[in-house]
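Student: fold the following.
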Amino acid sequence: MTDSNRDMTTLKDGAVVPQLHLILRDRIVTGDLIPGQRVSETEFAKAYSISRQPVRETFIKLAEEDLVVVKPQRGTFVTRISVPAVLTARFIREAVEADIVRIATDRATPDIIAKLDIAVEQQRITAKSGTPAEFMQLDQAFHHQLAEFAGKRDVTNYLRVLNIPVNRVRNISARQFSPDRLIAQHAKIVDEMRKHNPTAAMEQMRAHLREINIDLPHIVKANPDFFEGTETLS
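Tutor: Have a look, this model is predicted:
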C-alpha cells in the first residue's frame, strides 16, 4: 500500500500531520499533483476529513522540501522541478550508489544474488501488466535492497530528500518511456555481482544512473511547464 492510499479517518490526531505529509509528498513526487498546480488547504482538509491546521503545517514541511511554494495574494502551488537540482542530486547519487554496489558485490552470496534475480523478474512482470507507479516502487526497492546488502540501509534515509527532484523526473519518465531499458541495466548490475566483479558492477551502476542525463532534455521538451532552470541543459 502506498502512502497516498492510507485512510486518514483511521489515524489518531497526533499522527495526522506526519501521515498527511507523507501522502502529499508522495502525490507530488509521483506526479499525481503536477508542477505548477495550485493546492488548497480547504480542499485537502475536506478531502481527508480533517481541519485546516494540520494541512497548513503539512504545507510548511513541504515548502521546506521545496515541493510547494507560497505566492502572496495568489495561493500555494506545487513547485516546478529544478533542472540544476536534478543534475546535482544525480551526481551525488551516482557517487554513493556506485560505492554501495561495490560493497554489495564484495558481500554477495548466492542468496543475495537469488533475491536480486527475483527483484528483476518482478520488474519484468510489472512492466508488462502493472502501472508505471508500481514499476517505480519496484525500481526503488531494488536500489534499497542493494544498500541493505551493502550494510548501508541508513544511506537511503539520508538521500531521501536529496533524491526528490530526481524521483519526480523518473516518475514522469516511467510514463513517457518503456522500462525495458532500465530492467536490462538492473540485470547487468546483478550479472556483474554474480561474477564477483565489483569494478564492472560499479560501471554498470554509473551507466544506469547517467540515463537521466540522456532522457532529461526529452522530458523537459515534452513537459516544459513542469520545469525551471532549463537553461542548464543548453
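
Student: use CA for all of it now, contacts and neighbours both
Tutor: Will do.

Student: quick one: mean pLDDT for the biggest helix by length in the chain?
Tutor: With secondary structure taken from DSSP state H, the chain has its longest helix at helix 83-107. Mean pLDDT, helix 83-107: 96.

Student: what's that helix packed up against?
Tutor: When contacts are defined as 3 or more C-alpha pairs under 8 Å, 6 or more residues apart in numbering; DSSP states H and E, helix 83-107 sits against helix 132-149, helix 164-176, helix 180-194, helix 198-209.

Student: state the distance from the spatially most central residue of the chain to Asp154.
Tutor: Residue closest to the average C-alpha location in the chain (C-alpha atoms, centre = their mean): Asn167, at 3.1 Å. From Asn167 across to Asp154, the span is 18 Å (C-alpha to C-alpha, to the nearest Å).

Student: same question, Thr105
Tutor: Counting by C-alpha to C-alpha, the separation of Thr105 from Asp154 is 18 Å.

Student: ok, those two, which is more surrounded?
Tutor: For Thr105 versus Asp154, neighbours defined as other C-alpha atoms under 10 Å are more numerous around Thr105 (28 against 11).

Student: show me what contacts the more buried one?
Tutor: 150, 193-194, 196-198, 201 (C-alpha atoms under 8 Å, 6 or more residues apart in numbering).

Student: and the helices and strands packed on helix 83-107 as JSON lines, adding mean pLDDT and distance to Ala89?
Tutor: Listed next are those as JSON lines, based on pLDDT from 0 to 100; distance: least, C-alpha to C-alpha, whole Å:
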{"stretch": "helix 132-149", "mean pLDDT": "95", "distance to Ala89": "15"}
{"stretch": "helix 164-176", "mean pLDDT": "92", "distance to Ala89": "7"}
{"stretch": "helix 180-194", "mean pLDDT": "97", "distance to Ala89": "19"}
{"stretch": "helix 198-209", "mean pLDDT": "97", "distance to Ala89": "11"}
